[in-house]
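Undergrad: need a structure here:
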Amino acid sequence: MLSSRKLFEKRRRRNRYNLKRSSGGNVRLSVFRSKMHIYAQVIDDSTGRTLAAASSAEKEFRSQVKSGGNKEAAGEVGSLIAQRAKDAGILNVVFDRGGYAYHGRVEALAKAARDGGLAF
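TA: Purely as a prediction, here's the structure:
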């Protein structure tokens with residue numbers, strides 16, 4: 001029987017494979033969530049560079065919200081990553097949820113990013 005970490009890695013690899021196969025050359029909006037914070041990056045896989053990043057662990061962000069590990073903070077990070085991506089000239093991305101379910105904080109970040117102007 002596989003451990004929960006091995007199952008997570010298996011889901012992440014499967015998700016990433018399908019994204020690369022169907023991305024059409026678009027950049028990737030990758031999400032990482034920890035217990036206390038949520039992080040988002042816009043990554044260009046062809047060059048291996050991060051084009052925009054936002055997280056609830058940033059100093060100015062921590063002064064605005066009470067906790068970085070809830071849906072409200074994830075929504076704010078989604079709006080922030082959408083704004084930073086638009087400033088970098090990026091409008092179309094593919095959403096990489098990693099091995100996480102599209103639910104809760106991950107879903108809140110995605111909805112806020114869509115509302116902020118990113119298309120995926």
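
Undergrad: give me the nearest residue to A57, chain neighbours excluded.
TA: Of all residues not flanking A57 in the chain, H37 sits nearest, at 4.5 Å (Cβ to Cβ, 6 or more residues apart in numbering). C-beta here means a position set from N, CA and C on the backbone, and glycine is covered the same way.

Undergrad: my read is that that neighbour contacts S67, right?
TA: No - counting by Cβ atoms under 8 Å, H37 sits too far from S67 to count as a contact (9.2 Å).

Undergrad: list residues touching both of those two?
TA: A73 (Cβ atoms under 8 Å, 6 or more residues apart in numbering).

Undergrad: give me the more crowded residue out of the two.
TA: Legend: neighbour count by other Cβ atoms under 10 Å for H37 and S67, higher for H37 (20 against 11).

Undergrad: surely A112 is within a helix?
TA: Yes - counting by DSSP: H, G, I helix; E, B strand; the rest coil, A112 is located in a helix.

Undergrad: residues touching the residue nearest the centre of the chain, list them.
TA: The centre of the chain sits closest to V31, judged by Cα atoms, centre = their mean, with a distance of 2.8 Å. By Cβ under 8 Å, 6+ apart, the contact set of V31 is I38, Y39, A40, F95, D96, R97, G98, Y100, V106, L109, A110.

Undergrad: next one: the helix or strand of the chain with the lowest mean pLDDT to chain centre, how far?
TA: Least confident helix or strand of the chain, by mean pLDDT, DSSP states H and E, is helix 59-62 with a mean of 88. Helix 59-62 has its C-alpha centroid displaced from the chain centroid by 18 Å (Cα atoms, centre = their mean, to the nearest Å).

Undergrad: elements contacting it?
TA: In terms of contacts (3 or more Cβ pairs under 8 Å, 6 or more residues apart in numbering; DSSP states H and E), helix 59-62 is packed against helix 71-87.

Undergrad: related to what we said a few turns ago, next up, the contacts around the residue nearest to A57.
TA: Per Cβ under 8 Å, 6+ apart, neighbours of H37: S55, S56, A57, G68, G69, A73.
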